[in-house]
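Enquirer: Prediction below, plus the sequence it came from.
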Amino acid sequence: MEALDFLYEAVKNSIEAKADSICVSLDQAEGRLHVTVVDDGQLSVTSDPFAPGYSTKGKGRGRGLSLLKSFDEGASLARENGKTILSFCLDADGPLEAEETLPLLFSLCWENGVKLGITLGNRFFSTEKFALEFGALNEGSAIARMKREITSKDNRS
């Protein structure tokens, strides 16, 4: 799995945990992508959330965090001050292909009434900003315009 696949799953899990807002930070340096996802959803962890099969959402779940831990032994999940914080770092050999994943995250959050803010290096994108500029974020034309906006400001170093 790619780092952005884990990010997509983390945002989906935040929505399932009934988060009202999600903040994502992506920072790429020295061939590594550092990801932090913070949400205000409901989470009660009673044991190791990275254990294979551990899930607070029912049977047939609980594979994602254990898989993530196999890629990044330093991955962490914490609950602090009513916020859930997931952090991980994975190899990112090439440029971050954020223009494909981020619009899908914005659309997913928009459709579920969840505010999303993403810090990508030194740039910030949010559902509020995109909604003001592009309208309904679940329409194909808005997603295409968002891809162009992200790409045009992407400093692919």
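Expert: Done, it's in. Quantities reported herein were computed from a predicted structural model and do not represent experimental measurements. Numbers count the residues shown, from 1 in each chain.
Enquirer: Residues contacting stretch 143-156, please?
Expert: Residues outside stretch 143-156 that contact it (Cβ atoms under 8 Å, 6 or more residues apart in numbering): 95-96, 98-100, 102-104, 106-107, 120-121, 123, 125, 130, 133-134, 137. Where C-beta positions appear, they are placed from N, C-alpha and C, glycine not excepted.
Enquirer: now the least confident helix or strand in the chain by mean pLDDT: how far from the chain's centre is it?
Expert: Averaged element by element with mean pLDDT, DSSP states H and E, the chain has its least confident helix or strand at helix 140-152 (a mean of 75). Distance, stretch centre to chain centre, for helix 140-152: 18 Å (Cα atoms, centre = their mean, to the nearest Å).
Enquirer: How about stretch 66-75?
Expert: The chain centroid and the centroid of stretch 66-75 are separated by 16 Å under Cα atoms, centre = their mean.
Enquirer: Now do the contacts for G74.
Expert: Counting by Cβ under 8 Å, 6+ apart, G74 touches 88-89.
Enquirer: before we move on, back to that, and the least confident helix or strand of the chain, what's buried?
Expert: Residues of helix 140-152 classed as buried: 142-143, 145-147, 149-150 (neighbour count, 16 or more other Cβ atoms under 10 Å).
Enquirer: Could I get those in a markdown table, plus columns for distance to F6?
Expert: Putting the buried residues of helix 140-152 into a markdown table (distance: Cβ to Cβ, whole Å) gives the following:
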| residue | distance to F6 |
| --- | --- |
| A142 | 25 |
| I143 | 21 |
| R145 | 26 |
| M146 | 21 |
| K147 | 21 |
| E149 | 24 |
| I150 | 19 |
